[in-house]
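Asker: Okay, sequence plus prediction incoming.
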Amino acid sequence: MHPVTVADDLTGPLQGTTLEKSVLTSLDSLESALSLERLDENRFRAGNERDRFGRIFGGQVLAQALYAATCTVAEHAPHSLHAYFVQTGDTDIPVDIAVDVVRDGRSMATRQVTVTQGERTLLTALASFHSNPTEPELKHPRPDVVAPEQMPLLQHWVAQAPPNLQQKAQGWADVPPAVEMRIAEPTIFMGGRQTATARPHWMRLPRPVGDDPALHSALLAYASDYLMLDTAVRNHPEPVDYGSIAAVSLDHSLWLHRPVRFDRWHLHTQETVAVNGHRALIRGVIYDIDGHAVASTSQEVLLRPVADP
């Protein structure tokens, strides 16, 4: 694999860059992780996307939990997922996904999902499903930001990361997320500055993945986990750097308001709504390219000084 270099034009199209092939490889591996082996009616086994962080990325198990739950619901589409990250996972070991039927109603269904590796529980979640029309719709204006094609790719900022962050920043280019991401400023983990404002970024799949609505919803769940923890650091009221803290996501919630077509552009705007002690709460809204609010997100994270026990 050739690393993405400063010579790549990462302020223009993804197509034709060194990065494109690597993003597509990441999407291939994520789709493979969503190819669930059915062990029995409500039990599944799956592999993992390629290693990016030295552990399983939380967005992967969110996507697997939602997709597995959807496979057990015949009539309704997912409308919410509430998940707790319990322990980290090993990318070299398959995961087992158990779905328990909590309720099957006329217009709604509820599933409890547990993702494990051996005796270790990685994630536990509740997913809810509902048959819902798309009208009426309360419309809020989408944040006024530049078009996605005019915004730099996330990996554009790698070359500008300070020396102490350069190695970790380069990993986002060498083994990138399975989504094309565009952001107008460097993230904190690439040397960006702390500020109290909300931050939007554009995201989409780098190629079509077919017409399965369950897959599109699961892939949006995967992508919704990106940059939430970074937003907590960016909005923190005190100076924080990644070298001085232990940072981990504790839980994640996703509400799906409308059908998702994630191979089109979506704007995810995130802001921190509370910081108390070592915990912070981030919320977000995801809009599609047509301006519809298609999803809302929320995540609590732990930001603890490394010296603390």
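Answerer: Perfect, I can see it now. Numbering: from 1, shown residues only.

Asker: Sticking with Asp230, tell me its helix or strand.
Answerer: helix 228-234 (DSSP states H and E).

Asker: Name the residues of that helix that are buried.
Answerer: 228-234 (16 or more other Cβ atoms under 10 Å). The C-beta positions use only the backbone N, C-alpha and C, and glycine is treated the same way.

Asker: Now tabulate those residues in a markdown table and tack on distance to Thr197.
Answerer: What follows is the buried residues of helix 228-234, written out as a markdown table (distance: Cβ to Cβ, whole Å):
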| residue | distance to Thr197 |
| --- | --- |
| Met228 | 16 |
| Leu229 | 17 |
| Asp230 | 14 |
| Thr231 | 10 |
| Ala232 | 14 |
| Val233 | 14 |
| Arg234 | 9 |
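
Asker: Among these, pick out the one closest to Gln15, please.
Answerer: Asp230 (26.4 Å; Cβ to Cβ).

Asker: My guess is Ala198 contacts Thr269. True?
Answerer: Yes: using Cβ atoms under 8 Å, Ala198 makes contact with Thr269 at a distance of 5.5 Å.

Asker: shared neighbours, those two?
Answerer: Residues within reach of Ala198 and of Thr269 at once, by Cβ atoms under 8 Å, 6 or more residues apart in numbering, are Pro143.

Asker: how about the helices in the stretch 151-300 of the chain?
Answerer: 166-174, 213-224, 228-234 (DSSP state H, counting those that start in this stretch).

Asker: Against which helices or strands is the helix holding Asp230 packed?
Answerer: strand 245-256, strand 266-276, strand 279-288, strand 293-305 (3 or more Cβ pairs under 8 Å, 6 or more residues apart in numbering; DSSP states H and E).

Asker: among those strands, which is the most enclosed?
Answerer: Across the helices and strands packed on helix 228-234, averaging neighbours per residue (mean count of other Cβ atoms under 10 Å) puts strand 279-288 on top, at a mean of 21.

Asker: circling back to that earlier point, and the buried residues of helix 228-234 as JSON lines, adding pLDDT?
Answerer: As requested, the buried residues of helix 228-234 are exported to JSON lines (pLDDT from 0 to 100):
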{"residue": "Met228", "pLDDT": "98"}
{"residue": "Leu229", "pLDDT": "96"}
{"residue": "Asp230", "pLDDT": "96"}
{"residue": "Thr231", "pLDDT": "98"}
{"residue": "Ala232", "pLDDT": "97"}
{"residue": "Val233", "pLDDT": "96"}
{"residue": "Arg234", "pLDDT": "97"}
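
Asker: Looking at those residues, which is nearest Arg261?
Answerer: Nearest to Arg261 among these, with distances taken as Cβ to Cβ, is Met228, at 22.5 Å.

Asker: Surely that closest one and Gly284 touch.
Answerer: Yes: taking contacts as Cβ under 8 Å, Met228 lies within contact range of Gly284: 7.1 Å.

Asker: Mutual contacts of those two, please.
Answerer: 270, 297.

Asker: Tell me which other helices or strands the longest helix along the chain touches.
Answerer: As assigned by DSSP state H, the longest helix anywhere in the chain is helix 18-33. Counting contacts by 3+ Cβ pairs under 8 Å, 6+ apart, helix 18-33 packs against helix 58-70, helix 166-174.

Asker: Worst mean pLDDT among those?
Answerer: Mean pLDDT is lowest for helix 166-174 among the helices and strands packed on helix 18-33, at a mean of 93.

Asker: and it, what does it pack onto?
Answerer: helix 18-33.

Asker: just checking, what packs against the next helix or strand along the chain from the helix it packs on?
Answerer: Toward the C-terminus, helix 18-33 is succeeded by strand 37-40 as the next helix or strand (DSSP H and E). If you count contacts as 3+ Cβ pairs under 8 Å, 6+ apart, strand 37-40 packs onto strand 43-46.

Asker: The strand it packs on: which residues count as buried?
Answerer: Result for strand 43-46 [16+ other Cβ under 10 Å]: buried residues 43-44, 46.

Asker: before we move on, what about stretch 197-205?
Answerer: By 16+ other Cβ under 10 Å, the buried positions in stretch 197-205 come out as 198-205.

Asker: need the contact list for Arg55.
Answerer: 88-91.

Asker: of those residues, closest to Tyr242?
Answerer: Thr88 (17.2 Å).

Asker: So that closest one lies in a strand, does it not?
Answerer: No: per DSSP: H, G, I helix; E, B strand; the rest coil, Thr88 lies outside any strand segment and is coil.

Asker: What backbone torsions are found at the nearest residue to it once chain neighbours are set aside?
Answerer: Once flanking residues are discounted, Thr88 sits nearest to Arg55: 4.5 Å by Cβ to Cβ, 6 or more residues apart in numbering. The phi and psi values for Arg55, taken as degrees, to the nearest 10, are phi -160, psi 170.
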